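**Q** 3D, please:
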Amino acid sequence: AQMEALWSPQEKAGVQRMLLAAAVGSPQSVRAQLGAIVEQTAADELIVAGAIHDHAARLRSYELLASL
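**A** As a prediction, this is how the structure comes out:
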């Protein structure tokens with residue numbers, strides 16, 4: 001509820017749209033979520049972005065993704 005006072009309806013809609021294609025969690029969970037995204041969108045390519053500040057953690061995240 002705190003965000004409601006901070007963002008505009010357009011910003012809120014943009015974040016909600018972006019989160020429709022988000023995959024977060026364990027490798028198994030991310031694999032399932034990515035599979036669902038591909039199935040729903042018929043995408044033949046995915047672009048991955050990780051907003052992880054710590055370089056080692058970001059690298060580990062990409063390593064886990066690559067192992068899927």
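**Q** any weak-confidence spans in the chain?
**A** Along the chain, segments meeting pLDDT under 70 span 1.
**Q** top helix in it by residue count?
**A** Counting by DSSP state H, the longest helix found in the chain is helix 27-41.
**Q** For it, list every residue counted as buried.
**A** Val30, Leu34 (16 or more other C-beta atoms under 10 Å). In short, each C-beta sits where N, CA and C put it, glycine included.
**Q** What helix or strand is the residue nearest the centre of the chain located in?
**A** Geometric centre of the chain, nearest residue: Ala22, 2.8 Å, by C-alpha atoms, centre = their mean. Counting by DSSP states H and E, no helix or strand carries Ala22.
**Q** residues in contact with Gln10?
**A** Counting by C-beta atoms under 8 Å, 6 or more residues apart in numbering, Gln10 makes contact with nothing.
**Q** Quick check: the gap between it and Arg17.
**A** 11 Å (C-beta to C-beta, to the nearest Å).
**Q** Also Val30?
**A** 20 Å.
**Q** Just the C-alphas of stretch 22-33, formatted as CSV.
**A** Provided in CSV are the C-alpha atoms of stretch 22-33 (Å, rounded to 0.1, in the frame of the first residue of the first chain):
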residue,chain,number,x,y,z
ALA,A,22,9.2,-12.6,-14.6
ALA,A,23,10.7,-15.9,-13.4
VAL,A,24,12.0,-16.0,-9.8
GLY,A,25,13.0,-18.8,-7.4
SER,A,26,14.9,-22.1,-7.5
PRO,A,27,16.3,-23.5,-10.7
GLN,A,28,13.4,-25.9,-11.0
SER,A,29,10.8,-23.2,-10.4
VAL,A,30,12.5,-20.8,-12.9
ARG,A,31,12.6,-23.6,-15.5
ALA,A,32,8.9,-24.2,-15.1
GLN,A,33,8.1,-20.4,-15.1
